[in-house]
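Novice: Give me a model of this one.
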Amino acid sequence: MTIKITKDMTLGDIVMKHPEAAEIMLKYGLHCIGCHVANWETVEQGAMAHGMNEKEIAEMIQKINKAINKK
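Specialist: Modelled structure (predicted):
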C-alpha cells in the first residue's frame, strides 16, 4: 500500500505517523514541527509561513512521500 502525504495534512499528524518526515521538513527550514501549532497547521500553511513557495512545498512533499514509502 502506498502512503500519500499531501499539503493539506497537518504537520503534527504527519510527524506522529511518519517520524522520518521530520528530518526532511527540517532540511527545508520547517522547524515548527515540534511547535504546538503543528497539531493543527497544515504542511502548506507552515511552509508558507516560513517563506516557501508552491514549488518548494511540492518538492518537499515528494521527498517525504518517497522516504516513507521506501520502508
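
Novice: and stretch 6-16, which residues are buried?
Specialist: Buried residues in stretch 6-16, defined by neighbour count with 16 or more other CB atoms under 10 Å: Lys7, Met9, Thr10, Leu11, Gly12, Ile14, Val15. Bear in mind the C-beta positions are built from the backbone N, C-alpha and C, glycine included.

Novice: what are the ranges of the helices in this structure?
Specialist: 11-17, 20-27, 43-49, 54-70 (DSSP state H).

Novice: Show me what the third one is packed up against.
Specialist: Right, the one you point to is helix 43-49. Secondary-structure packing of helix 43-49 (3 or more CB pairs under 8 Å, 6 or more residues apart in numbering; DSSP states H and E): helix 11-17, helix 54-70.

Novice: quick one: terminal-to-terminal distance for stretch 14-21?
Specialist: In stretch 14-21, first residue to last residue: 7 Å (CA to CA, to the nearest Å).

Novice: residues in contact with it?
Specialist: Outside stretch 14-21, the residues that touch it by CB atoms under 8 Å, 6 or more residues apart in numbering are Ile3, Ile5, Ala22, Met25, Ile33, Ala38, Val43, Ile64, Ala67, Ile68, Lys71.

Novice: and if you look at stretch 36-49?
Specialist: For stretch 36-49, the external contacting residues (CB under 8 Å, 6+ apart) are 5-12, 14-15, 28, 30, 32, 56-57, 60-61.

Novice: tell me the mean pLDDT for it?
Specialist: Stretch 36-49 comes out with an average pLDDT of 88.

Novice: List the buried residues for that stretch?
Specialist: Those would be Ala38, Glu41, Thr42, Val43, Glu44, Gln45, Gly46, Ala47, for stretch 36-49 by 16+ other CB under 10 Å.

Novice: that older thread, possible to save the contacts of stretch 14-21 as CSV with distance to Met52?
Specialist: Converted to CSV, the contacts of stretch 14-21 look like this (distance: CB to CB, whole Å):
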residue, distance to Met52
Ile3, 22
Ile5, 15
Ala22, 16
Met25, 10
Ile33, 14
Ala38, 15
Val43, 10
Ile64, 13
Ala67, 18
Ile68, 20
Lys71, 26
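
Novice: out of the buried residues of stretch 6-16, which one sits closest to Met52?
Specialist: For these, the closest approach to Met52 (CB to CB) belongs to Lys7, at 10.4 Å.
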